[in-house]
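> Predicted coordinates and the sequence they were generated for:
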Amino acid sequence: MEQREIGRAGVQLSRVVLGCGNFGGIGSAPELFGQGESEERAFAVMDAAWALGISAFDTADAYGGGRSETAIGRWMRSTGNRPTLTTKTFNPMDAGQDHGLGRDRILRQIESSLGRLGVDRVDLYLAHAFDPETPLAETIATFEELVERGLTRAYGVSNFDDEQLRAALDAGRPALVQNSYSLLERGDERDVLPLCAGRGIAYEAFSPLAGGWLTGKYRRGEEPPAGSRMTQRPEPYEHLRDDRVFDALEAFDAAAAQRGVDSAALAQAWLLAQPNVTAVIAGPRRPEHLHTASDALELELGRAEADELAALFG
């Protein structure tokens, strides 16, 4: 699998990165800690990803309340494999209110993440969200300190808009931005992606399937399948319950069928065809779901073809 080098520390990401947000929970939602994938299933997903050449794993301290990092650490010890590791901090790790990007908390959280992962340093450490309660200069200075101390090779930000990203770039040297980007969420095209291109910052797209909406899972007039994201954490996607969206999705399904792939593979292939996207995070619930990433890598969409697919969604 193709690798992309980011930052001045020589960190390399495979074009597809394994998202581990469902290991032991559903993302960072405290009410769902302990749900998601069991450790046994998480191991099977990691085995399948590694076999496909996916050599970069993405997690966060709050995913599953630490269960995701713990599972990755145990898998690495049991297999001897060492993927490129990204972890993040900001969100609370329990139902309490401990969150944020103050210096003391960052220093505490990086040590706890290293302990769960069983490593001396991570490759990328990210601010999981913008913290309006902490001066950005303090956060960036602390990340720079982590690099100097050898606790991370590089750092970056996630869920930052263009103004927040610009401020971070003025304050330090973030190597990567990790934001939600898909055919159904393209706000970053206006400002964030051009800013990354202009400043030489890597861009990593998460939620490439828009919570499952680009898989063909959700149908007009039908209830969401049991256990799907729309039955567990529907709030970020409620706006997609719209006839215009369903029209676009039906046309997209037909475009995927014409190419002999499923909608999920075509959605990821579209992202991989975007010139300013460094890597795409895939978060499969089952090992067999990784075939969509494999199929996406084999599809080489041209610029005109990618633009035609984007036009389906307006």
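Perfect, thanks for sending it.
> which residues pair with the residue nearest the centre of the chain across the strands?
Nearest residue to the geometric centre of the chain (C-alpha atoms, centre = their mean): residue 206, 3.4 Å. With DSSP bridges as the criterion, residue 206 is bridged to residue 180.
> Could you measure from it over to residue 88?
Distance of residue 206 to residue 88, given as C-beta to C-beta, to the nearest Å: 11 Å. Bear in mind the C-beta positions are built from the backbone N, C-alpha and C, glycine included.
> Now do the worst-scoring helix or strand of the chain on mean pLDDT: distance to the chain's middle.
The weakest-scoring helix or strand in the chain, judged by mean pLDDT, DSSP states H and E, is helix 229-232 (a mean of 77). With C-alpha atoms, centre = their mean, to the nearest Å as the basis, helix 229-232 stands 18 Å off its chain's centre.
> which secondary structure elements does that helix contact?
If you count contacts as 3 or more C-beta pairs under 8 Å, 6 or more residues apart in numbering; DSSP states H and E, helix 229-232 packs onto no helix or strand.
> Any buried residues in that helix, and which?
229-230, 232 (16 or more other C-beta atoms under 10 Å).
> Repeat that for stretch 135-155.
Buried-residue list, stretch 135-155, by 16+ other C-beta under 10 Å: 136, 139-140, 142-143, 146-147, 151-155.
> ok, residue 110 - contacts?
Contact analysis of residue 110 by C-beta atoms under 8 Å, 6 or more residues apart in numbering lists 89, 122, 125, 146, 151-152.
> Can you name the two of these that sit furthest apart?
Farthest-apart pair in the contacts of residue 110 is 89 and 151; separation 12.1 Å (C-beta to C-beta).
> Now do the contacts for residue 286.
Contact analysis of residue 286 by C-beta under 8 Å, 6+ apart lists 41, 44-45.
> out of the residues you listed, who has the most neighbours?
In terms of neighbours by other C-beta atoms under 10 Å, the contacts of residue 286 top out with residue 45 at 26 neighbours.
> you'd agree that residue is up against residue 283?
No - contact between residue 45 and residue 283 fails when scored by C-beta atoms under 8 Å: they sit 9.1 Å apart.
> Look at residue 251 and give its secondary structure.
State at residue 251, reduced to three classes by DSSP: H, G, I helix; E, B strand; the rest coil: helix.
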